[in-house]
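Asker: coords please:
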Amino acid sequence: MTKTTQEWRLIFEEARKTGKMANTLAKALAKRYSMRWRFVDFRGPKGQESAGVVDIVAIRKCGKLPTVPGLKRLDLFDIILMQVKGGSAANPTAEDIKRLKIVGKQYHAQNIVLFQWQKKKKVGFLKLNKKNEKWKETSAAELFGR
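Answerer: Next comes the predicted model:
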């Protein structure tokens, strides 16, 4: 049985709401542990998911002494890249992981993170092990509480 235009609109609207909620929840949970981190998301103009493999960039000034001559403390940034999955959205594919690693390398991201949310089922952060390309559960405190 094929779906009507109205049924498809309802499905897309529900997916948009779920994605937006997952995005909001990811930032809210991270902000509990982050005094200096800022979060930039890339939702589309009407709140829908935008193209690209990164949904949220977490960024803060780096307090370590830089190894680059001529720079001082707080001249550089710490960056975490996040992909957000809500509802029944599929996990990142092998191609997505490859792209995330390339973007992470390009911007010297300290972590690549997957945030998952399914209403009343699961919520949490997973950190990508760049060597074996496996996701490992982690906490917002571990990622953003330093």
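
Asker: what about this protein, any weak spots by pLDDT?
Answerer: For the chain, the stretches with pLDDT under 70 are 46-48, 146.

Asker: so how far is the longest strand along it from its chain's centroid?
Answerer: As assigned by DSSP state E, the longest strand anywhere in the chain is strand 77-86. Centre-to-centre, strand 77-86 and its host chain are 3 Å apart (Cα atoms, centre = their mean, to the nearest Å).

Asker: Now do the strands in this structure.
Answerer: Counting by DSSP E, the strands of the chain are 38-41, 56-61, 77-86, 111-118, 122-129, 134-138.

Asker: and the longest one, what does it pack onto?
Answerer: Strand 77-86 sits against helix 5-31, strand 56-61, helix 94-106, strand 111-118, with contacts defined as 3 or more Cβ pairs under 8 Å, 6 or more residues apart in numbering; DSSP states H and E. For glycine as for every other residue, the C-beta is placed from the backbone atoms N, C-alpha and C.

Asker: Deepest in the core, which of those is it.
Answerer: strand 111-118 (a mean of 21; mean count of other Cβ atoms under 10 Å).

Asker: And the residue nearest to residue 118 when sequence neighbours are not counted, how far from residue 113?
Answerer: Closest residue to residue 118 apart from its sequence neighbours, by Cβ to Cβ, 6 or more residues apart in numbering: residue 87 at 6.3 Å. Using Cβ to Cβ, to the nearest Å, one gets 18 Å for the distance from residue 87 to residue 113.
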